[in-house]
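1. pasted the sequence and its predicted model underneath.
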Amino acid sequence: MPINDLTSIDLFAGAGGLSEGLSEAGFHCLFANEIVPIHASTYKHNHINTLVETADIRSLDAEVIRENLGLNKGDLDLLAGGPPCQGFSINAPVRSILDDRNHLFKEYLRFVAAFEPKMILIENVPGLVSFEHGATLHAILEALGGLGYVADVHILGAAYYGVPQMRWRTIIIGKKGEELPSSAFPDPIFHAPIKPNFTTTFGGKQLVKIPSETAQAKFTTVYEAIGDLPALMNGEKGAKIKQYRCEPFSDFQRRARTGSIGVLNHEASRLSPVNMERLKYIAPGENWTKIPFDLLPKGMKLARRSDHTMRYGRVNPNGLASTILTKCDPHWGAYFHYEQDRAFTVREAARVQSFPDHFEFLGSIAEQFEQVGNAVPPLLAKAVGESIKSVL
């Protein structure tokens, strides 16, 4: 099989950030499952050669899907996905047991048993490591071991792989029947000013992959990520497809523009008059502490000036962005543009997530932001995909 024709399946696929990165690494996704219709529509729109099933995974027959794809057990190269894992532990408290989402990891295991892929990939939040004091992660690794997979876990900082934001993901990789080489996890490419604020050890082992001295010193800045996108006024919509502001001036921009027909999903939501007034007092890299007291939201008037350092922030163009959430609400992070008096657009959030510009998000603006915020950054997924490919 050609190295650029490795096969994968993406469960809990969302809009397709994980698949996008794996595709850049050389994987062809045969099948994807996503329960939210508009997220699945975006996935289909951008991955036209993938069979996408919009359904609750609990209603799917994994054996039938495998047979319909023409695969025997063991044929599939990679089963990937981001199942909710919290609560999988047998020691999970009642509050977790009652949340149906917390048992969806068992559905992922059902697909592992049906396909017996050569390797498995699971991504989740860093908090998975400390949830239930590590019992959940222990249970996950034991369950994979029971299916014949030797698995390991690391926490990866997206900025170490060229993503211009402060985002961390827990990555579990497993290999069928064999010891998993350390090369299955990608070594960081860049140094970046990020520090973990979560549990970083498991079973006495350090989980965070730290850049070596040979890694490049220069991380991707916000300016290098979005500085070529057209300027907009607060609330400006404009044409559906817009022209770039200038020629690309960074490797990140050149990659983002590959296959692009122009700038999509680039419309400025309208900030309220009070937020526009607050913006006058915030310079790039500054936050809510520069806003006059009488203009602060009621809750922020009670906050210590050392707290919530990202809220109502104007992003530093020479630094990293806040973690992109499911809505770029300035109340929750540094989502004010560094030089334009407005909040990030969907395209700017997508760029900060490292989506290529040809990737179009469907649905309302709110639904588009949700798709972007929930996604695995494609550049991070690509790095993981390349390391898995080297093992395969």
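-> Yes, it's here. Residues are numbered from 1 along each chain as shown.

2. can we go C-alpha only for contacts and neighbour counts from here?
-> Noted.

3. look up phi and psi at Phe202.
-> phi -150, psi 120 (degrees, to the nearest 10).

4. that one contacts Gly134, doesn't it?
-> Yes: the pair Phe202 / Gly134 is scored as a contact, 7.2 Å apart, by Cα atoms under 8 Å.

5. could you pull out the buried residues of the top helix by length along the chain?
-> For the chain, the helix with the greatest residue count under DSSP state H is helix 378-391. For helix 378-391, burial by neighbour count (16 or more other Cα atoms under 10 Å) applies to Pro378, Leu379, Leu380, Ala381, Lys382, Ala383, Val384, Gly385, Glu386, Ser387, Ile388, Lys389.

6. over to stretch 66-84?
-> Here stretch 66-84 shows Arg66, Gly74, Leu76, Asp77, Leu78, Leu79, Ala80, Gly81, Gly82, Pro83, Pro84 as buried, counting by 16+ other Cα under 10 Å.

7. can I get the CA coordinates of stretch 331-348 in CSV?
-> Taking C-alpha atoms only, stretch 331-348 is exported to CSV below (Å, rounded to 0.1, in the frame of the first residue of the first chain):
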residue,chain,number,x,y,z
HIS,A,331,-15.8,38.3,28.2
TRP,A,332,-14.0,34.9,28.1
GLY,A,333,-10.7,35.6,26.4
ALA,A,334,-8.4,37.9,24.4
TYR,A,335,-10.6,37.9,21.2
PHE,A,336,-10.3,41.6,20.3
HIS,A,337,-8.3,42.2,17.2
TYR,A,338,-4.9,43.7,17.8
GLU,A,339,-5.4,46.8,15.5
GLN,A,340,-9.0,46.7,14.3
ASP,A,341,-11.8,47.7,16.8
ARG,A,342,-13.8,44.4,16.6
ALA,A,343,-13.7,40.8,17.7
PHE,A,344,-12.2,37.9,15.8
THR,A,345,-14.1,36.6,12.8
VAL,A,346,-14.7,32.9,12.2
ARG,A,347,-11.9,32.8,9.6
GLU,A,348,-9.5,34.5,12.0
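
8. could I get the average pLDDT for it?
-> Averaging pLDDT along stretch 331-348 gives 95.

9. cool, stretch 112-130 as well?
-> 93.

10. what's the span of that stretch, first residue to last?
-> Using Cα to Cα, to the nearest Å, the end-to-end distance of stretch 112-130 comes out at 25 Å.

11. just stretch 323-335 next, same as before
-> 10 Å.

12. what do you get for stretch 300-314?
-> 17 Å.

13. how about stretch 171-186?
-> Using Cα to Cα, one end of stretch 171-186 lies 11 Å from the other.

14. now do the buried residues in it.
-> Neighbour counts over stretch 171-186 (16+ other Cα under 10 Å) mark Ile171, Ile172, Ile173, Gly174, Lys175, Lys176, Leu180, Ala184, Phe185, Pro186 as buried.

15. how about stretch 336-354?
-> Those would be 336-338, 341-354, for stretch 336-354 by 16+ other Cα under 10 Å.

16. over to stretch 231-248?
-> Buried-residue list, stretch 231-248, by 16+ other Cα under 10 Å: Leu232, Asn234, Lys242, Pro248.

17. can you check stretch 297-312 too?
-> Met300, His308, Thr309, Met310, Arg311, Tyr312.

18. and the strands in this protein?
-> Under the criterion DSSP state E, the chain contains strands at 6-11, 27-34, 51-54, 78-81, 119-124, 149-157, 168-176, 201-202, 205-206.

19. neighbouring strands for the fourth one, and are they parallel or not?
-> Just to be clear, that refers to strand 78-81. Each strand that pairs with strand 78-81, with its direction, by DSSP bridges: strand 6-11 (parallel), strand 119-124 (parallel).

20. do the second one as well
-> Strands flanking strand 27-34 in the sheet, each with its direction: strand 6-11 (parallel), strand 51-54 (parallel) (DSSP bridges).

21. give me the neighbour count for Asn275.
-> For Asn275, the neighbour count with other Cα atoms under 10 Å is 20.

22. and the gap between it and Thr309?
-> Going from Asn275 to Thr309 by Cα to Cα gives 17 Å.

23. now swap in Phe12 and tell me
-> Using Cα to Cα, Phe12 is found at 32 Å from Thr309.

24. cool, Arg255 as well?
-> Applying Cα to Cα, the value for Arg255 to Thr309 is 31 Å.

25. and if you look at Pro378?
-> Taking Cα to Cα, one finds Pro378 at 27 Å from Thr309.

26. hey, which helix or strand in the chain has the poorest pLDDT?
-> Within the chain, no helix or strand scores below helix 94-97, which has a mean of 46 by mean pLDDT, DSSP states H and E.

27. grab the nearest non-local neighbour of Ala321.
-> Ranked by Cα to Cα, 6 or more residues apart in numbering and with sequence neighbours excluded, the top spatial neighbour of Ala321 is Gln165, at 4.4 Å.

28. before we move on, back to that, just the buried residues of stretch 66-84: which has the poorest pLDDT?
-> Scoring those by pLDDT puts Pro84 last, at 79.

29. thought Val125 was touching that one, still the case?
-> No: shown here, Pro84 and Val125 do not form a contact pair, counting by Cα under 8 Å, at 9.2 Å.
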